[in-house]
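Asker: One predicted model, sequence on top.
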Amino acid sequence: MKKSHMKKYFLDWLEGKLSSPEIDAIESHLETCSECKEYFDKMQLFLGKPELGAIPELQPDAYLPTRIREAARQTNSGTKFLESLKMRSRLTFGTAMIIVALMVGVFLGKWMSGKEVVSETEIVLSYSSMFSNQGVAEFWDNIITEKNGEQQ
C-alpha cells in the first residue's frame, strides 16, 4: 500500500474490518513512516475504543417519575399564584381608575356649571332670539294674528 492511502484505511483498521494481509501491510508501513504513525496514534487517541472500566455504570432511578411530577406540581402552583395575583392587581387598578374618573367627572361638572339657576323663560327667550330677529312677544303676536286672519 502507498503512503498516501494509509490515512483512508484508519477507520477500517480501527474497527477491524480489514483482512490480515492488509493489517500486516499497514502495520509494517507504520513502523517505517513516522508521519502515518503519528496520524494513527492521534486518531486512535480520539476515536479509539474506550476501556469499559472508564465508563461509569448507570443505575436506574425508581423514584425519578415521582420527583419530576412533584417538581412540575410545585412549578405550576407557583406560576398559578403569580398569574392570579397579576390578574387581581390589574382588575383592582382598573376599577380604581374608573372610580377616580367618575369622581373627577362629577366634581368637574359641578364646578363648571356653577350655582346659577336659569328659568324656563330665560331659556325660551335666548332660544327664540337665536332664530328670529324679532322678540318673543312680537313672534307670538304674529302667530296669533295669522291664526285669527285665517279664521276670518
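Answerer: Looks like it arrived, so ask away.

Asker: contacts and neighbour counts: CA atoms only from here.
Answerer: Fine.

Asker: Tell me which residue is most central in the chain.
Answerer: Glu83 (14.1 Å; Cα atoms, centre = their mean).

Asker: so where does that one fall, helix or strand?
Answerer: helix 64-113 (DSSP states H and E).

Asker: So what's the gap between that helix and the chain middle?
Answerer: 19 Å (Cα atoms, centre = their mean, to the nearest Å).

Asker: can you give me the mean pLDDT across that helix?
Answerer: In this model, helix 64-113 has an average pLDDT of 86.

Asker: again with stretch 46-53
Answerer: 67.

Asker: before we move on, what about stretch 145-152?
Answerer: Here the average pLDDT along stretch 145-152 is 62.

Asker: re the thing from before, from Gln74, how far off is the residue nearest to the centre of the chain?
Answerer: Distance, Glu83 to Gln74, by Cα to Cα, to the nearest Å: 14 Å.

Asker: So Lys17: helix, strand or coil?
Answerer: Here Lys17 is recorded as coil under DSSP: H, G, I helix; E, B strand; the rest coil.

Asker: and the gap between it and Ile23?
Answerer: Lys17 is 9 Å from Ile23, by Cα to Cα.

Asker: quick one, which of the two is more surrounded?
Answerer: Counted by other Cα atoms under 10 Å, Lys17 and Ile23 do not tie: Ile23 has more neighbours, with 16 against 12.

Asker: can you tell me which helix or strand that one belongs to?
Answerer: helix 20-32.

Asker: other SSEs contacting that helix?
Answerer: helix 34-47 (3 or more Cα pairs under 8 Å, 6 or more residues apart in numbering; DSSP states H and E).

Asker: domain parsing for this protein?
Answerer: Using automatic domain parsing, the domains assigned to the chain come out as 3-47, 76-115, 120-151.

Asker: Comparing these, which comes out most buried?
Answerer: Comparing these by mean neighbour count (mean count of other Cα atoms under 10 Å), domain 3-47 comes out on top with a mean of 14.
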